[in-house]
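Predicted model follows, preceded by the sequence.
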Amino acid sequence: MARDGYFPLFETRRAKGRVLYRLFAVSVFVGILLIWVYRLNHIPKESYGRWVWLGLLAAELWFGFYWLLTQALRWNIVYRETFKDRLSLRYENELPGVDIFVCTADPKIEPPMMVINTVLSVMAFDYPTQNLSVYLSDDAASDLTFYALMEASQFSKHWIPYCKKFNVEPRSPAAYFVSLPRHNNQSKDLVSIKRLYEEMENRIQTATKLGRITEEIRRKHIGFSQWDTYSSRFDHDTILQILIDGRDSKAVDIEGCALPTLVYLAREKRPQHFHNYKAGAMNALIRVSSMISNGQIILNVDCDMYSNNSQSVRDALCFFMDEEKGHEIAFVQFPQNFENITENDIYGNSLRTISEVEFHGIDGYGGPLYIGTGCFHRRETLCGREFSKENKIELKRKISDSRREESVHELEEKSKTPASCTYERDTKWGKEMGLRYGFPVEDVITGISIHCKGWKSVYFNPERKAFLGVAPNTLPQALVQHKRWSEGDFQIFLSRYSPAWYALGKISLGHQLGYCCYCLWAPNCLATLFYSFVPSLYFLKGIPLFPKTSSPWFIPFAYAIFAKYTYGPAEFLWSGGTIRGWWNDQRIWLYKRTSAYFFAFIDTILKTLGFSESAFVVTAKVADEDVSQRYEKEIMEFGASSSMFTILATLALLNLFCLIGLLNKLIIDDGLVKLCETMVLQILLCSILVLINWPMYQGLFFRKDNGKMPSSLTAKSLVFALSACTCFTFLY
Ligand SMILES: O=c1ccn([C@@H]2O[C@H](COP(=O)(O)OP(=O)(O)O[C@H]3O[C@H](CO)[C@@H](O)[C@H](O)[C@H]3O)[C@@H](O)[C@H]2O)c(=O)[nH]1
Ligand SMILES: [Mn+2]
């Protein structure tokens with residue numbers, strides 16, 4: 001839309017149906033208020049019923065409060081649209097330099113083939129190659145990964161021109177070959193590029209299987225000599241190799257066009273220096289890249305997140321380079337989407353409502369969180385610059401950008417310095433500059449501090465997904481990942497940089513509430529745990545805890561349940577999910593809250609008191625054949641014994657026993673009608689818990705494959721659940 005002859009590079013649209021949604025939300029809130037009033041007004045006199053009543057009151061206060069927070073993510077939803085044609089018309093010849101960081105940390109769980117596919121996909125962005133530089137940070141300092149990258153640099157000479165010639169999407173070779181229809185007449189070019197890829201893959205796989213680099217390969221590249229002084233992945237010098245030097249006029253593809261710069265970096269590691277996980281790697285990358293290409297825009301992706309849309313850089317630039325609003329935008333976050341999501345998404349990995357609803361909502365209040373991957377930053381804001389209206393950052397590339405004179409070797413040696421262990425000593429790195437240290441979610445804390453410096457961010461969720469990664473495909477891994485996230489976010493909440501107090505007055509209230517919604521994932525465990533067994537136990541004993549169907553107080557409860565079970569699935573469906581997917585999501589919601597969040601909560605408290613340290617457990621991106629097969633079939637994978645499972649299994653069994661107790665009662669004494677009249681909500685809650693745990697019972701009792709629950713765990717949780725039920729019925 002043109003205003004006074006001005007055509008913006010991007011547009012922001014508000015969601016339709018806002019008024020309707022707000023009315024609905026208000027009505028739900030009235031229901032919640034009435035529930036609170038009921039609890040407060042009906043506290044029993046007898047002492048033992050009193051405690052459980054107060055517990056329920058606390059849980060309902062929490063749920064209501066948390067529901068309010070989630071409204072900040074739904075109240076003010078916006079969508080963004082970009083105009084890339086205008087961008088090229090205005091700025092094609094002065095586009096800024098873009099540095100792309102890919103992080104990897106372990107060649108076993110992040111196979112080199114996967115890593116280089118990501119690297120190749122971002123090297124092939126539709127963007128002037130002389131302005132593009134790709135850096136691979138390898139926290140494992142693996143010569144196998146280096147070797148794969150070296151191979152990729154050769155292959156890119158064929159791959160990039162091929163992509164441009166045929167306008168290929170996606171530009172990760174592996175994903176592209178898979179996406180092609182089978183049995184079609186493949187063109188000569190396709191056959192030959194595929195052959196080159198397969199030959200490369202063979203060489204890399206051979207080396208990977210062997211587990212080391214042979215002498216023959218070593219001789220091929222001088223870079224391997226840097227491993228001569230290497231003693232272990234935790235103890236080595238900085239390894240830095242410029243595999244393609246963009247300044248070199250001979251660095252061209254087979255068509256004679258310039259190639260993007262390509263750099264391998266393994267920052268120095270020493271056992272006595274803590275390396276700060278991914279945040280440390282990113283900060284080393286920021287400094288090293290500033291000496292080599294110094295792109296003004298930085299894109300950061302995890303090694304599994306390949307680019308699925310070659311236009312993403314241009315999309316991001318439409319925001320940064322918009323003449324009117326661009327100067328206040330610090331980063332552009334794309335959603336985290338995954339390649340390996342099955343139809344009904346058994347582990348709720350796609351985080352569907354977060355990426356399709358909530359992030360659009362928080363975007364309406366100042367911008368999404370930085371979530372670590374698929375995010376474009378301005379280099380300067382990442383380095384700690386404050387927002388100022390007067391001092392706009394000029395993004396356009398200066399034509400006079402002098403080409404430096406030094407040789408590649410000199411440049412490499414010089415650029416190693418900022419990647420050393422001691423470089424950050426007595427500097428602001430990790431505190432006020434670069435990514436923040438001390439939290440397992442370096443991304444969220446970094447995003448908060450950028451927002452608190454006055455900057456905005458933008459959430460861009462294009463039709464064609466921009467980046468696709470690998471989601472965990474077993475239950476333990478999904479839970480461990482959520483434990484890291486919820487723990488990291490809760491630590492932020494309790495820290496100096498809490499969105500609740502540090503951000504007060506620095507960002508809008510809606511933005512603060514939105515942040516709190518994520519930072520308070522972990523404490524949700526308490527209310528959920530309480531609700532998932534106490535009402536069931538009381539019901540076994542025949543004590544009602546909710547209003548009778550005939551009481552008017554029944555209405556707010558019924559309305560809240562009705563609202564949750566109509567709006568919830570509806571939102572899930574219009575976010576692109578299925579009904580079974582929604583049901584699976586409910587289960588994983590329960591499992592996360594009662595196990596992962598619970599452990600995260602306890603660990604955070606222990607950490608705050610100084611008893612433990614939190615670590616970054618890297619998520620595996622490969623799995624055994626039979627595990628993958630079960631994942632494809634959407635069979636829940638338990639496999640290993642873990643204390644998280646003990647809780648989940650005990651809760652599942654406890655509810656089963658309570659429900660069996662009910663059937664027993666029905667046969668012996670009270671009729672169904674009377675029971676329903678007094679305890680319908682408890683019956684409902686217990687039955688839903690049993691229904692949702694169906695895959696758990698299968699895993700405990702009926703399955704024979706390797707993914708079932710270990711039998712020791714079955715026995716243990718049976719004992720726990722039975723004793724809880726008997727103790728409660730007879731002693732209490
Ligand atoms: O010491 C480390 C540990 C991890 N990584 C890299 O960090 C990335 C993310 O690790 P992953 O195990 O895949 O974690 P996820 O839970 O999938 O990651 C999400 O959450 C993290 C914060 O918890 C963010 O850093 C990520 O960007 C975000 O995708 C991967 O590329 C790793 O190679 C490192 O470079 N160094
Ligand atoms: Mn990941």
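Perfect, thanks for sending it. Only a predicted model underlies this, so the values are computations on that prediction, with no experimental measurement involved. Ligands and ions are numbered 1, 2, ... in the order given.

Show me which residues of the stretch 351-500 of the chain sit near ligand 1.
Proximity of the stretch 351-500 of the chain to ligand 1 (CB under 6 Å from any ligand atom) is limited to residues 372-373, 440-443, 481, 484-485, 488. C-beta here means a position set from N, CA and C on the backbone, and glycine is covered the same way.

quick one: which of these is most hemmed in?
Neighbour counts for these peak at residue 441, which has 28 neighbours (criterion: other CB atoms under 10 Å).

so where's the stretch 601-732 of the chain uncertain?
Counting by pLDDT under 70, the stretch 601-732 of the chain has low-confidence residues at 669-671, 732.

who in it is up against ligand 2?
Residues of the stretch 601-732 of the chain lying near ligand 2 by CB under 5 Å from the ion: residue 619.

Helices of the stretch 601-732 of the chain, start to end?
Assigned by DSSP state H, counting those that start in this stretch, the helices in the stretch 601-732 of the chain fall at 625-632, 643-668, 672-692, 694-697, 711-726.

what does the stretch 51-200 of the chain give?
Remark: helices assigned in the stretch 51-200 of the chain by DSSP H, counting those that start in this stretch are 84-91, 112-123, 143-166, 173-179, 188-210.

can you put the helices of the stretch 601-732 of the chain in CSV and add distance to residue 61 and mean neighbour count?
Formatted as CSV, the helices of the stretch 601-732 of the chain follow (distance: least, CB to CB, whole Å; neighbours: other CB atoms under 10 Å):
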stretch, distance to residue 61, mean neighbour count
helix 625-632, 39, 15
helix 643-668, 22, 19
helix 672-692, 18, 17
helix 694-697, 29, 18
helix 711-726, 25, 16
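
can you put these in a markdown table and add distance to ligand 1?
Output for those, formatted as a markdown table (distance: least, CB to the nearest ligand atom, whole Å):
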| stretch | distance to ligand 1 |
| --- | --- |
| helix 625-632 | 16 |
| helix 643-668 | 16 |
| helix 672-692 | 25 |
| helix 694-697 | 23 |
| helix 711-726 | 25 |
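
Could you point out which of these sits nearest residue 500?
Closest approach to residue 500 among the helices of the stretch 601-732 of the chain is made by helix 643-668 (28.0 Å; CB to CB).

so which residue of the protein comes closest to ligand 1?
Scanning the chain for proximity to ligand 1 using CB to the nearest ligand atom identifies residue 372 as nearest, at 2.3 Å.

May I have the phi/psi pair for the residue of the stretch 501-650 of the chain found nearest ligand 2?
The stretch 501-650 of the chain approaches ligand 2 most closely through residue 619 (4.8 Å), counting by CB to the ion. Residue 619 has phi and psi values of phi -80, psi 130 when expressed as degrees, to the nearest 10.

I figured it was touching residue 472, is that so?
Yes - with contact taken as CB atoms under 8 Å, residue 619 and residue 472 are classed as touching, separated by 5.5 Å.

Which of those two has more residues huddled nearby?
residue 472 (22 against 19).

For the closest residue to that one other than its chain neighbours, give me its contacts.
Nearest non-adjacent residue to residue 472, counting by CB to CB, 6 or more residues apart in numbering: residue 478, 4.6 Å away. Shown in contact with residue 478 (CB atoms under 8 Å, 6 or more residues apart in numbering): 347-349, 471-472, 588.

go on, residue 712?
residue 641.

ok, and the most crowded of the contacts of residue 478?
Ranked by the number of neighbours (other CB under 10 Å), the contacts of residue 478 place residue 347 first, at 27 neighbours.

Does that residue belong to a helix, a strand or coil?
coil (DSSP: H, G, I helix; E, B strand; the rest coil).

From what I see, it and residue 476 are in contact.
No - using CB under 8 Å, residue 347 is not in contact with residue 476; the gap is 10.3 Å.

Count the neighbours of the closest residue to ligand 2 within the stretch 1-150 of the chain for me.
Residue nearest to ligand 2 within the stretch 1-150 of the chain: residue 110 (8.8 Å; CB to the ion). Neighbour count of residue 110, defined by other CB under 10 Å: 27.

For it, which residues are in contact?
Residues near residue 110 by CB under 8 Å, 6+ apart: 104, 303-304, 618, 621.

Just those residues: which are in strands?
residue 104 (DSSP state E).

In the contacts of residue 110, which residue is surrounded by the most others?
In terms of neighbours by other CB under 10 Å, the contacts of residue 110 top out with residue 104 at 29 neighbours.

so who does the nearest residue to it once chain neighbours are set aside touch?
If the residues on either side of it in the chain are set aside, residue 104 comes closest to residue 303, at 3.9 Å by CB to CB, 6+ apart. By CB under 8 Å, 6+ apart, residue 303 lies in contact with 102-105, 110, 114-115, 118, 136.

do you know how far residue 303 is from ligand 2?
8 Å (CB to the ion, to the nearest Å).

Then residue 409?
Between residue 409 and ligand 2 the distance is 35 Å, computed by CB to the ion.
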